[in-house]
Structures are given as structure tokens and as C-alpha cells.
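Asks: give me the fold of what follows.
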Amino acid sequence: MGRKLNLLIVDDEPLFSTSLKDALLANYNFNIYTALTGIKALEILEQTNIDICFLDVHLPDINGFDLIEKIKSFSPDCEIIIMTAYGEVEQTKTALKEGAYFLPKPFKIDDLKTVLSKINKNINYSELYEKLKDEEEIIEIKTKNKKMKEILKKAEKYAKSDLPILLLGSTGTGKDTLAKYIHQRSERKNEIFIMQNCASLPETLIESELFGYEKGAFTGAYSRKFGLFEIANKGTIFLNEIVELPLSSQAKILHIIENKSFRRIGGLQDIIVDTRIIAATNRKMEDLLKSGKIREDLFYRLETLHLELLDLKERVEDIPLIIESLLKKRNIDPKEFRIDKKVLTLFQNYNWPGNIRELENVIERSIILTEGKGISIDTLPYSILKLENHVKRESLKDLEKDEIIKILESVGGNKSKAAKILGIDRKTLYRKIKNWGI
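Replies: Coordinates of the predicted model:
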């Protein structure tokens, strides 16, 4: 075993820093330092050689992008992961071209694992990976829905094949969960599983992330970088929203499917890989080719094995099972979690435009508001109450304002966490806070 790596979290929100630190300690063997300001970060950097830095660029005292240069002056080999919920696009692109990584807020543990899996320089990757495998959550999907049972049966059959799989379904239906479910039931279950949302990749950096590059391939390419396909060799890569990739990148993915090889940017050597591809999109099957957003030849290779997930409104009988699963993930005994019968009736009649992800947010907010005791009408978001006519139209704004105040108080003013619970981005939350003088 090598030395423990030193990791620094620079973020001005104490609760977020603590949550990130806890998640890292639960999954990796790091020495972790935290700083709420840029000045404090510099003090730590003067005393300690930092290997990895999680950096929120919105700091109260120093511009985060200016801080990157100072971090590099103290620790030249430090890998920097930029965290932000909103986009100084050009500055972020520049930082990424110079070797930084990007992790958009809010993010899940899988996003965290994926970005850490990309970091190879000065890190013993095998040690990180073994720890990651040991901590991996086993995915179980319970259902009473006949169609969903058929989907899971097909998924288990498809898992035994090495052919690519295409998952179709609306946003929030659990395509990422099903992808991991398939991986864990395949012959590759003991190998790495990597998730990448293609829509979150800046177009100029897509090929660097997916295929990697050689030292000197372009300005700022100071060392070789492995792409996701190479890191996922022998395992599975899940490409969510694959239609958001440019057609030129899709051609390279098709080449990997057909020839099991690719070249890094600036490389002359073919890299042989054995990586199973699971792709996903929120578009309907019949609209994919019409949209012109996917190559016809790639589409036909992907759609050979495809699964179409149901919207939550099509499987409302599964809502209690989904809630039970969400509670267990948070170490809450479902038997001790009280759910008002009126709430279940509302849930079964509600349209759930955000699907399982929206339900998860509703449960999360109820856990916070009741300290894990249950769900009542009082803990439901105004969006559900509004659509079910439980409040008068003129009181909706007051209800939403009260909801935001309640959530902010419950999370100690942590705006990132509040925005996640409310199901909105941080920028929208700031606007509402300003408009209502909260």
C-alpha cells in the first residue's frame, strides 16, 4: 500500500463540506483537510502537499479560478476538481484544458466515484478501485408492476450478453440504476462500472474525457491522460444522453463497438479495449432517427438490445416499494416511518413529471422536516398540493415562499442542499430569495 493521499475541500458552505468529507471517508482512505475560504486554503497548502483539491470557484475572498494558479504553485502535481452549480463557461473550459476536472453541483456518490476514477496521475488507481469495489451498493429493484417485471427479466437476459444496450425512458425513471443493475448481473460484475452524463460534457472536451490524449497532443496536455473507455476496460461504461454527443464522437464509439479499439487524441497507436457499452436517452425510440441527433449506423447497433422504462405514473403501485428502498438507503426503518394515508392517495393520483427522482426529493424533504419520522400533508411540496387543488390559487406564492423558508431553516441555510430538496437549481433559488426578500 502507498502513502495516504492528502485531499483538500475548499467550499464556503460548511454543511456541504462536511457532507462531502463524510462521503469521501466512507469510500476512500484519504487524509482530508477543509477550508471555507481561499485564504485558509492557502494556509493549508503552505503546510501540506495536497494531491487532490475539490474547489468551489465561488468563494467569499478569492476568485476560485485565480486560486487554481496558486494551488499549482504550492503543489504542482495536485489534481483539481472544480465544483460549481453555475457556469463561468469560458473560465471553466480554460481550467479543464489545463488539466482540471469538473463536478457540477449537486452531485451523487456515483458522480464522485466517476471523477476520482478519471484521476490517474500521482494516484495509485488500483488502491482506489479496490476500495470502491468493496463499498459498491448492490442494486435491487422491487416491483409489483407486470410490465416492469418483464423489463427486469429482459434486463437479466441482456446482462449475460456483451452486446451494447440502449435504455430509453423519461428523465428520472432510473436509467442509471437499471444500467448498474445490468452490470451487477453480468460476467463483468467484479470489474469497474463508470457512469458519464454526455450532456454535462463541454463539446470541446468530450473526446479528451472519453478517449484520453497523449502528452503534447495540444497546448496544456502536459502528461498522458486515460479516457473513460480505457479506464473502463474489462468493465462497463454507461453513457447517459448519448444523443448529446457530436456525430464525430459517435463515429468513434461505433468504431469501438465494431473493432474493440480506438486512439487517444494525438496518438498513433490503436488501444485495444474490452468495454461493454450501455447507452441511454430520454427521447422516444421513434423520434431518435428523425431528430438527426444520432448516427443511423450507431442507432442500429445500439437498438438490437433495448429496454424502455416506465414513467412513475405508469407504475404507481410501486410507490410504497420505492419509498421503502429510499428509506433503507438512508438507514431509516420503514416500519418506523409513518406515511399518512391521504399522502399515499395523493401520490397515486399525482402525475410525477420528474418520476422517481421527484419522488426521491419529496421523501428527502420529509425526512429533513420530520427528522425521519414520516410524511404528512404538511411536508409535501407546493407543486403536489397545487396540482391536487389542496390550496387556493392566490395562496400558492405564499405557500412556496413558506416552503423555501422552512427548507432553508431545516438545512441550516445551506443553499445547495435546499435547492436539491426543492428540485430547482441554485441560481433559481437565489432569484426567489431575492424576489421575496427572504
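
Asks: Gly412: neighbour count?
Replies: 11 (other Cβ atoms under 10 Å). All C-beta atoms are positioned from the backbone trio N, CA, C, and that covers glycine.

Asks: for it, which residues are in contact?
Replies: By Cβ atoms under 8 Å, 6 or more residues apart in numbering, the residues touching Gly412 are Leu15.

Asks: so how far is Ile405 from it?
Replies: 13 Å (Cβ to Cβ, to the nearest Å).

Asks: next SSE downstream of the helix or strand harbouring Ile206?
Replies: If you go by DSSP states H and E, Ile206 is part of helix 206-211. Per DSSP H and E, the first helix or strand lying C-terminal to helix 206-211 is strand 212-213.

Asks: what's that next one in contact with?
Replies: Residues contacting strand 212-213 (Cβ under 8 Å, 6+ apart): 221, 224-227, 230, 264-267.

Asks: same thing but 7 Å
Replies: With contact meaning Cβ atoms under 7 Å, 6 or more residues apart in numbering, strand 212-213 is reached by 221, 225-227, 230, 264-266.

Asks: how about the strands in the stretch 51-200 of the chain?
Replies: 52-56, 79-84, 101-104, 165-168, 193-197 (DSSP state E, counting those that start in this stretch).

Asks: swap in the stretch 301-438 of the chain?
Replies: 306-308, 338-339, 374-375.

Asks: what's the most buried one of those?
Replies: strand 374-375 (a mean of 20; mean count of other Cβ atoms under 10 Å).

Asks: relative to that strand, what are the paired strands and their orientations?
Replies: Next to strand 374-375 in the sheet, as set by DSSP bridges, lie strand 338-339 (parallel).

Asks: what pLDDT, on average, does the partner strand get?
Replies: Mean pLDDT, strand 338-339: 90.

Asks: repeat that for stretch 343-361.
Replies: Stretch 343-361 comes out at a mean pLDDT of 91.

Asks: remind me which residues of the stretch 201-350 of the chain are low pLDDT?
Replies: Scanning the stretch 201-350 of the chain for pLDDT under 70 picks out nothing.

Asks: go again using 90 as the cut-off
Replies: Applying pLDDT under 90 to the stretch 201-350 of the chain flags the ranges 201-205, 209, 214-228, 230-233, 284-291, 328-331, 334-336, 340-342, 344-346, 348-349.

Asks: how about the helices in it?
Replies: Assigned by DSSP state H, counting those that start in this stretch, the stretch 201-350 of the chain shows helices spanning 206-211, 228-231, 247-259, 285-291, 296-302, 319-329, 341-349.

Asks: which residue packs closest to Asp162, ignoring adjacent ones?
Replies: Arg276 (5.7 Å; Cβ to Cβ, 6 or more residues apart in numbering).

Asks: what is the burial count for the one you found?
Replies: 23.

Asks: who's it bridged to?
Replies: The partner residues for Arg276, given DSSP bridges, come to Thr236.

Asks: in this structure it contacts Arg188, no?
Replies: Yes - using Cβ atoms under 7 Å, Arg276 is in contact with Arg188, at 5.9 Å.

Asks: common neighbours of these two, please.
Replies: Thr236.

Asks: show me which of the contacts of strand 212-213 are buried.
Replies: Burial by neighbour count, 16 or more other Cβ atoms under 10 Å: within those this picks out 221, 225-227, 230, 264-265.

Asks: now do the contacts for the nearest residue to Lys142 once chain neighbours are set aside.
Replies: Closest residue in space to Lys142, ignoring its immediate chain neighbours: Leu321 at 4.6 Å, by Cβ to Cβ, 6+ apart. Residues near Leu321 by Cβ under 7 Å, 6+ apart: 142-144.

Asks: most neighbours among those residues, which one?
Replies: Thr143 (17 neighbours).

Asks: and the closest residue to that one other than its chain neighbours, how far from Leu152?
Replies: Nearest non-adjacent residue to Thr143, counting by Cβ to Cβ, 6+ apart: Asp318, 5.2 Å away. Applying Cβ to Cβ, the value for Asp318 to Leu152 is 12 Å.

Asks: list residues touching both of these two?
Replies: What both Asp318 and Leu152 touch, as defined by Cβ under 7 Å, 6+ apart, is the set Thr143.

Asks: and Lys121, what's its pLDDT?
Replies: 40.

Asks: when you give positions from now on, start the count at 13
Replies: With 13 as the first residue, the last one maps to Lys133.

Asks: who touches stretch 42-58?
Replies: With Cβ under 7 Å, 6+ apart, stretch 42-58 has contacts from 16-22, 24, 26, 29, 33, 36-37, 60, 71-74, 79, 82-83, 86-87.

Asks: so what's the residue count around the closest residue in space to Leu71 that isn't next to it in sequence?
Replies: Excluding the flanking residues, the one nearest Leu71 by Cβ to Cβ, 6+ apart is Gly50, at 4.9 Å. Gly50 is flanked by 21 other residues according to other Cβ under 10 Å.
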